[in-house]
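Enquirer: Return atomic coordinates for the entry below.
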Amino acid sequence: MTRDDHRVKLLIEIFFWEFIRSMLPGMLQFLEYGSPVEFLDKEILSDITSGARHEIDLLVKLKIKGLDSFFLIHIENQATYQKGFAFRMFLYVTKLVAKYSMPVYPIALLSYDSPKQEAPLGYNIEFPDLSVIQFKYKTIQLNSLSWRDYLDNVNPVTIALMTKMNVAKKDRPKLRALCIKLLVNLKLNPEHGNIVASCIEANLKLNAEEMKKYEYEISILPKEEQEEIMEFTSSWWQAGKREGIQEGKQQGLEQGLEKGTRELLLGLLEYRFGSLSQADRKRIEKLTLEALNALGKQLFEMQSIKDVSKWLKEYSQ
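Expert: Model prediction:
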């Protein structure tokens, strides 16, 4: 799970009902707002299309309003565009239904910057005389939404997600200043406020020219608001610095493990099959630790360098 994915997961876990109210208000017709929410333990599912193992972002158990029955909400945050996402959603949901014997309401939160064309809303298998599968999921494609439409429903979730919506370049400094102002006005506890602030920082990084415009937007606010923003940003920066030091240590360990795993796999592959092509070496260099482990599990079932190349090509698609 990337840092962006982890940030969004924390945001939804902490502010679940704000997320539903802001982004999926239609669900409130069959959900009791504010009712108890059970977040299930992380679910690891195998992706048969690539051999990789995938950790479900969020799996929530909820009760249907007025009924003594439960269902699951599966929320998948997609921070980068990937082909075949709709098919993977279909696979994940069928596996969850089979395991828990409960209905599943699937939600795709698309937080990537591009492409901006409308994403698929499901996965279908159709024949001229037969509809085999008509699978749909709820899609929240942030880059197709206007941040201005959410100014009347301000909460921690809308503030964080506005930064990934369709923002004109000229509006970036203004939106960052507005988000910081709105966040400070919410007066959240420091831990929760820092999570939202980290979303603003990550998604609205400003260059030197934009920073000057941002500082101007802050300077025209009432003096009391300016002081509150200065106090908040100072404490947020200190917290971020401490987190960065700790994260840097952990990241160093993970990078070392990834490097060692990659070198071991390259050695084993060349020992079994001889020299790899330049294209295959490049694909292996781009694999994450999770993908390297998946390749390692498949390695001894491969019979030739062609099997290796085929696996790498399919995984890279």
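Enquirer: quick one: least confident helix or strand in the protein?
Expert: Across the helices and strands of the chain, mean confidence by mean pLDDT, DSSP states H and E is lowest for strand 44-46: a mean of 61.
Enquirer: Run through the stretch 1-150 of the chain and note the low-pLDDT ranges.
Expert: Within the stretch 1-150 of the chain, the segments meeting pLDDT under 70 span 1-3, 43-54.
Enquirer: Would you state the strands of it in chain order?
Expert: Along the stretch 1-150 of the chain, counting by DSSP state E, counting those that start in this stretch, strands occupy 38-39, 44-46, 53-55, 58-63, 70-78, 104-110, 122-127, 130-136, 138-141.
Enquirer: E290: which of these is closest?
Expert: Across the strands of the stretch 1-150 of the chain, E290 has its closest neighbour in strand 53-55 (6.6 Å, C-beta to C-beta). C-beta here means a position set from N, CA and C on the backbone, and glycine is covered the same way.
Enquirer: wait, I125 sits on F90?
Expert: No - judged on C-beta atoms under 8 Å, I125 makes no contact with F90 at a distance of 9.6 Å.
Enquirer: Tell me which of those two has more neighbours.
Expert: Comparing I125 with F90 by other C-beta atoms under 10 Å, the one with more neighbours is F90, at 19 against 11.
Enquirer: how about that one, what does it touch?
Expert: Contact partners of F90, counting by C-beta atoms under 8 Å, 6 or more residues apart in numbering, are G122, Y123, I133, F135.
Enquirer: do that again at 7 Å, thanks
Expert: Contacts for F90 were tallied using C-beta atoms under 7 Å, 6 or more residues apart in numbering; they are Y123, F135.
Enquirer: roughly how far apart are it and K174?
Expert: Using C-beta to C-beta, to the nearest Å, F90 is found at 40 Å from K174.
Enquirer: what's the neighbour count on V104?
Expert: Neighbour tally, V104, other C-beta under 10 Å: 18.
Enquirer: That one and I75 touch, don't they?
Expert: No - checked against C-beta atoms under 7 Å, the pair V104 and I75 is beyond contact range at 10.9 Å.
Enquirer: Mind checking the pLDDT average for stretch 203-216?
Expert: For stretch 203-216, mean pLDDT rounds to 90.
Enquirer: any residues touching it, and which ones?
Expert: Here stretch 203-216 makes contact (C-beta under 7 Å, 6+ apart) with T163, K164, R172, P173, L175, R176, A177.
Enquirer: okay, how far is it across stretch 294-312, tip to tip?
Expert: 11 Å (C-alpha to C-alpha, to the nearest Å).
Enquirer: Check stretch 277-297 too.
Expert: By C-alpha to C-alpha, the extent of stretch 277-297 from end to end equals 21 Å.
Enquirer: Now it: buried residues?
Expert: By neighbour count with 16 or more other C-beta atoms under 10 Å, stretch 277-297 contains the buried residues D280, R283, I284, L287, A291, L292, N293, A294, L295.
Enquirer: Same question for stretch 175-191.
Expert: Applying 16+ other C-beta under 10 Å to stretch 175-191 flags L175, R176, A177, L178, C179, I180, K181, L182, L183, V184, L188 as buried.
Enquirer: and if you look at stretch 297-306?
Expert: For stretch 297-306, by 16+ other C-beta under 10 Å, it's Q298, L299, M302, I305.
Enquirer: pLDDT for those residues - can I get that in a markdown table?
Expert: Shown next, in a markdown table, are the buried residues of stretch 297-306 (pLDDT from 0 to 100):
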| residue | pLDDT |
| --- | --- |
| Q298 | 76 |
| L299 | 74 |
| M302 | 79 |
| I305 | 85 |
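Enquirer: I figured R283 was touching E314, is that so?
Expert: No - between R283 and E314 there is no contact under C-beta under 7 Å: 10.5 Å.
Enquirer: Run the chain-centre distance for stretch 275-289.
Expert: A distance of 26 Å separates the centroid of the chain from that of stretch 275-289, by C-alpha atoms, centre = their mean, to the nearest Å.
Enquirer: Then stretch 191-200?
Expert: Offset of stretch 191-200 from its chain centre (C-alpha atoms, centre = their mean): 15 Å.
Enquirer: what about that stretch, average pLDDT?
Expert: Here the average pLDDT along stretch 191-200 is 90.
Enquirer: ok, now stretch 267-285?
Expert: 79.
Enquirer: Give me every residue in contact with it, excluding its own residues.
Expert: Applying C-beta under 7 Å, 6+ apart, the set of residues contacting stretch 267-285 from outside is R262, L265, L266, L299, S304, I305, V308, S309, L312, S316.
Enquirer: Could you tell me the end-to-end distance of that stretch?
Expert: Note: stretch 267-285 ends 13 Å apart using C-alpha to C-alpha.
Enquirer: Quick one: the contacts of stretch 203-216 as a markdown table, columns for pLDDT and distance to C199 too.
Expert: What follows is the contacts of stretch 203-216, written out as a markdown table (pLDDT from 0 to 100; distance: C-beta to C-beta, whole Å):
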| residue | pLDDT | distance to C199 |
| --- | --- | --- |
| T163 | 95 | 6 |
| K164 | 95 | 8 |
| R172 | 95 | 14 |
| P173 | 94 | 17 |
| L175 | 96 | 12 |
| R176 | 93 | 11 |
| A177 | 94 | 15 |
